[in-house]
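> below are the sequence and a predicted model for it; my questions follow.
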Amino acid sequence: EPEVTQTPSHQVTQMGQEVILRCVPISNHLYFYWYRQILGQKVEFLVSFYNNEISEKSEIFDDQFSVERPDGSNFTLKIRSTKLEDSAMYFCASRVASGGYGSEQFFGPGTRLTVL
Amino acid sequence: SQKIEQNSEALNIQEGKTATLTCNYTNYSPAYLQWYRQDPGRGPVFLLLIRENEKEKRKERLKVTFDTTLKQSLFHITASQPADSATYLCALAGTGRRALTFGSGTRLQVQP
């Protein structure tokens, strides 16, 4: 069964460093998302991406964040200068184009980011 | 501001009983409501979706209801099993934001 994959599974970085989190969405999906979940808290939407551009973003997704689809398979989240409060589990998700914007999303296993 | 509340942080039930989880929302007009399962350290897994014009949906032992007047969804797991133990998340998509907004989840523990 096709699945969303994410690398690395765990990333440790120093405050102020740049990190890139990578995702490979399911191959026939056209909508891509990043969410984060701080330990013990709810899953929070960061950004959605369609047709090579951001379609929606939350107030969390400030200038420190950027997303890119550098080729036909990868979808990346870059945090330019990490802060302690960026420590969280980051989930990538994807969905098909049909079914409407509220249709089922497929989540990856997550990347645990630890900022020291 | 928009708020999604799930009935309790934790719910303990005996194997074989029906688990009922609640999702209430305020200041929101969702067009879609979804339920996900999340195991510790893992990503959410989709279970069921219900649209604003639907009252009830079923899938095997799962049933979800959606009452837009009460602004509430109920999620039922019948004949519960220890393997159903997980955190269950309610998520909405609709006016104002098309991406999913998640509740904080209810941790279900099914005792054998």
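Received, thanks. Numbering: from 1, shown residues only, chains lettered A, B, ... in the order given.
> and what about A:Glu85, helix, strand or coil?
Secondary structure, DSSP: H, G, I helix; E, B strand; the rest coil: A:Glu85 is helix.
> what's the burial count for it?
9 (other Cβ atoms under 10 Å in any protein chain shown). From N, CA and C alone the C-beta is placed, and that goes for glycine too.
> need the pLDDT of it.
Listed pLDDT for A:Glu85 reads 97.
> that one: what's it in contact with?
Shown in contact with A:Glu85 (Cβ atoms under 8 Å, 6 or more residues apart in numbering or on different chains): A:Val115.
> for chain B, see how far away it is.
Remark: distance between A:Glu85 and chain B (Cβ to the nearest Cβ, to the nearest Å) = 18 Å.
> for stretch A:27-36, buried residues please.
Neighbour-count burial for stretch A:27-36 flags A:His29, A:Tyr31, A:Phe32, A:Tyr33, A:Trp34, A:Tyr35, A:Arg36 (criterion: 16 or more other Cβ atoms under 10 Å in any protein chain shown).
> ugh, typo on my part, it should be stretch A:1-8
By neighbour count on 16+ other Cβ under 10 Å, the buried set for stretch A:1-8 is A:Val4, A:Gln6.
> near chain B, which residues of chain A? Just list them.
Chain A has residues A:4, A:33, A:35, A:41-45, A:48, A:55-56, A:58, A:89, A:91, A:93, A:100-110 near chain B, with proximity defined as Cβ under 8 Å from any Cβ of the partner chain.
> thinking again about what came up before, among the buried residues of stretch A:27-36, name the ones in strands.
Judged by DSSP state E, the subset of these located in strands is A:Tyr31, A:Phe32, A:Tyr33, A:Trp34, A:Tyr35, A:Arg36.
> and those residues as TSV, adding pLDDT?
Shown next, in TSV, are these (pLDDT from 0 to 100):
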residue	pLDDT
A:Tyr31	93
A:Phe32	95
A:Tyr33	96
A:Trp34	98
A:Tyr35	98
A:Arg36	98
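> so where do the strands sit in chain B?
Applying DSSP E to chain B gives strands spanning B:3-6, B:10-14, B:19-26, B:30-38, B:45-51, B:56-59, B:62-67, B:72-77, B:86-94, B:97-102, B:106-111.
> scratch that, chain A is what I was asking about
Going by DSSP E, chain A shows strands at A:5-7, A:10-13, A:19-24, A:31-37, A:43-50, A:53-57, A:65-68, A:75-79, A:88-95, A:106-107, A:111-115.
> between the ones you listed, which one is nearest to B:Glu5?
Comparing the strands of chain A by their distance to B:Glu5 (Cβ to Cβ), the top pick is strand A:43-50, with 15.0 Å.
> now the closest one: average pLDDT?
96.
> who touches it?
The contact list for strand A:43-50 (Cβ under 8 Å, 6+ apart) reads A:30-38, A:54-58, A:60-61, A:65, A:67, A:69, A:75, A:77, A:91, B:38, B:44, B:89, B:91, B:97-102.
> can you redo the strands of chain B as TSV with mean neighbour count and mean pLDDT?
Below are these laid out as TSV (neighbours: other Cβ atoms under 10 Å in any protein chain shown; pLDDT from 0 to 100):
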stretch	mean neighbour count	mean pLDDT
strand B:3-6	18	90
strand B:10-14	13	94
strand B:19-26	19	95
strand B:30-38	23	93
strand B:45-51	17	95
strand B:56-59	13	96
strand B:62-67	18	96
strand B:72-77	20	97
strand B:86-94	23	93
strand B:97-102	21	86
strand B:106-111	17	96
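> and of the ones you listed, who's closest to A:Val24?
Closest of these to A:Val24 is strand B:45-51, at 17.9 Å (criterion: Cβ to Cβ).
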